[in-house]
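Enquirer: what shape does this take:
(chains A, B and C)
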Amino acid sequence: MKSATEYLWFSTSRQREYINITEDVARVVRESQIREGMVLVSAMHITAGVYVNDAEPGIIQDIDEWADTVAPKGPDYHHHRTGETNGDAHLKSLLVHHQVVVPITDGELDLGPWQQIYYAEFDGQRRKRVVIKALGD
Amino acid sequence: MKSATEYLWFSTSRQREYINITEDVARVVRESQIREGMVLVSAMHITAGVYVNDAEPGIIQDIDEWADTVAPKGPDYHHHRTGETNGDAHLKSLLVHHQVVVPITDGELDLGPWQQIYYAEFDGQRRKRVVIKALGD
Amino acid sequence: MKSATEYLWFSTSRQREYINITEDVARVVRESQIREGMVLVSAMHITAGVYVNDAEPGIIQDIDEWADTVAPKGPDYHHHRTGETNGDAHLKSLLVHHQVVVPITDGELDLGPWQQIYYAEFDGQRRKRVVIKALGD
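Expert: Numbering: from 1, shown residues only, chains lettered A, B, ... in the order given. Presented below is the predicted three-dimensional model:
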């Protein structure tokens, strides 16, 4: 069994930002020389997500507005008694989920034609990480 | 390490449809001869989901109505500037998630008594795919 | 390839409850002697979830209230024609997702500083299970 592990660091300039990391994941898979396996891509923070969807700019804006409708910013989260102000970002992370697993087939990411891997930052302007872990043969 | 890969094709007659694929996944696992491992079941499209829940027809209707409440159809998605009309289907895919991982124990899918694996089509009436990738020993 | 499988049993005193199971998962990983791999943590019921987020009590209360806003309790689910009353718990399970995969690096759970693994019970007061399946080398 082969494995490979890599960490991506982000420090976004905006509070919410959506970054296409498909090429980073593809590179880790190529360098691992795994032909058949799976690669886990997982945010290491509780106010960020990783999802698979379209790279079309309109849908990214829709996802951002939708996440803010379903899990709105607001002053009234219990979490804010700690001094934090990012309760909504925790819920947005749960909503889009913080991780995906992508199959590796024949040495490549086995994604559909429109599938791209995104890092979703919901509470940015600080250094944060994603772990990429590939496993297979 | 053993692995097995198979693709399921769907072309639903309705725009939204929920298809029980548990038996297909179980067959791939049996044919793989993997005794201990994991099987990833993942939609290859950005307007479809894969989830684990009950086969009871009422709850399937509830899931459909709930997804349409939380991520409603509508004319006003930014994504529709491209000519598309399926913005809601992208969000429904994020809501129920596009994939699950099922443990393989003793050569069988290790599911609870009521757990069934569903393909959730949110923008059907065209050919679409799910990838099943089993990994283990 | 090494693997390890363990089941955690729960029987909560309240209908909804959030239980930190990080230490249980860490113990299974240590006992498996896997150095590099992945561990799947998955609810075996359709009215429970497993998620990764913060152990801060305020955010747990926020998650509970948010799940009840997005997937409210109510009398009107189609599922209730079967005599069940837990339609909302099925939807809450889909909302927070019923599983996570955690990377294993250097023999340890590779979690970020605030990431904790939670079992989310949405229809408790009965015996329910989570499966932990570790895979790697």
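
Enquirer: skipping adjacent residues, who's closest to the residue in chain A that chain B sits nearest to in space?
Expert: Minimum separation of chain A from chain B (CB to the nearest CB) falls at A:Gly112, amounting to 3.1 Å. C-beta coordinates here come from the backbone N, C-alpha and C atoms, glycine included. Once flanking residues are discounted, A:Gly112 sits nearest to B:Met44: 3.1 Å by CB to CB, 6 or more residues apart in numbering or on different chains.

Enquirer: separation between that neighbour and A:Leu111?
Expert: Distance of B:Met44 to A:Leu111, given as CB to CB, to the nearest Å: 7 Å.

Enquirer: with A:Asp68 instead?
Expert: 27 Å.

Enquirer: tell me which of the two has more neighbours.
Expert: The residue with more neighbours, out of A:Asp68 and A:Leu111, is A:Leu111; 19 against 14, by other CB atoms under 10 Å in any protein chain shown.

Enquirer: which pLDDT value goes with the more buried one?
Expert: Note on A:Leu111: pLDDT of 98.

Enquirer: hang on, it is in a helix, isn't it?
Expert: No. A:Leu111: not assigned to a helix; according to DSSP: H, G, I helix; E, B strand; the rest coil it is coil.

Enquirer: my guess is it meets A:Asn53, correct?
Expert: No. Using CB atoms under 8 Å, A:Leu111 makes no contact with A:Asn53, being 11.1 Å away.

Enquirer: dig out what the most centrally placed residue in chain A forms beta bridges with.
Expert: The residue lying closest to the centre of chain A (CA atoms, centre = their mean) is A:Val50, at 1.9 Å. Residues in a beta bridge with A:Val50, per DSSP bridges, are A:Tyr119.

Enquirer: now do the contacts for it.
Expert: A:21, A:41-43, A:97-100, A:117-120, A:130 (CB atoms under 8 Å, 6 or more residues apart in numbering or on different chains).

Enquirer: which other helices and strands contact the longest helix belonging to chain A?
Expert: The residue-count maximum for a helix in chain A (DSSP state H) belongs to helix A:57-70. Contact partners of helix A:57-70 among helices and strands, from 3 or more CB pairs under 8 Å, 6 or more residues apart in numbering or on different chains; DSSP states H and E: strand A:17-20, helix A:87-96, strand A:116-121, helix B:87-96.

Enquirer: whichever helix or strand comes after the second one and chain C in contact?
Expert: Note on helix A:87-96: by DSSP states H and E, the next helix or strand toward the C-terminus is strand A:99-105. Yes. Strand A:99-105 comes into contact with chain C when judged by CB under 8 Å from any CB of the partner chain, the residues involved being A:Gln99, A:Val101.

Enquirer: next: stretch A:14-31.
Expert: No. Stretch A:14-31 is not in contact with chain C by CB under 8 Å from any CB; minimum separation 12.5 Å.

Enquirer: mean confidence (pLDDT) on that stretch, please.
Expert: Averaging pLDDT along stretch A:14-31 yields 98.

Enquirer: could you list every residue that touches the nearest residue to A:Ser93 once chain neighbours are set aside?
Expert: Closest residue to A:Ser93 apart from its sequence neighbours, by CB to CB, 6+ apart: A:Gly49 at 5.0 Å. Shown in contact with A:Gly49 (CB under 8 Å, 6+ apart): A:Ala43, A:Lys92, A:Ser93, A:Leu95, A:Val96, A:His97, A:His98, A:Tyr119, A:Ala120, A:Phe122.

Enquirer: follow-up on the earlier one: would TSV of the contacts of A:Val50 with neighbour count and distance to C:Leu135 be doable?
Expert: Shown next, in TSV, are these (neighbours: other CB atoms under 10 Å in any protein chain shown; distance: CB to CB, whole Å):
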residue	neighbour count	distance to C:Leu135
A:Ile21	17	24
A:Val41	27	17
A:Ser42	27	15
A:Ala43	28	21
A:His97	24	21
A:His98	26	20
A:Gln99	20	16
A:Val100	23	17
A:Ile117	25	22
A:Tyr118	23	26
A:Tyr119	22	25
A:Ala120	27	27
A:Val130	25	21
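
Enquirer: and the helix or strand containing A:Ala134, what other elements does it pack with?
Expert: Per DSSP H and E, A:Ala134 falls inside strand A:128-136. With contacts taken as 3+ CB pairs under 8 Å, 6+ apart, strand A:128-136 sits against strand A:2-10, helix A:22-32, strand A:37-43, strand A:48-53, strand C:36-43, strand C:99-105.

Enquirer: taking the contacts of A:Gly49, tell me the two that lie furthest apart.
Expert: A:Leu95 and A:Tyr119 (15.1 Å; CB to CB).

Enquirer: list the buried residues for stretch A:17-35?
Expert: For stretch A:17-35, the neighbour count (16 or more other CB atoms under 10 Å in any protein chain shown) marks A:Glu17, A:Tyr18, A:Ile21, A:Thr22, A:Asp24, A:Val25, A:Ala26, A:Val28, A:Val29, A:Ser32, A:Ile34 as buried.

Enquirer: can you give me the end-to-end span of stretch A:108-122?
Expert: 29 Å (CA to CA, to the nearest Å).

Enquirer: just stretch A:116-126 next, same as before
Expert: Start-to-end span of stretch A:116-126 (CA to CA) is 24 Å.

Enquirer: distance from it to the middle of the chain?
Expert: 6 Å (CA atoms, centre = their mean, to the nearest Å).
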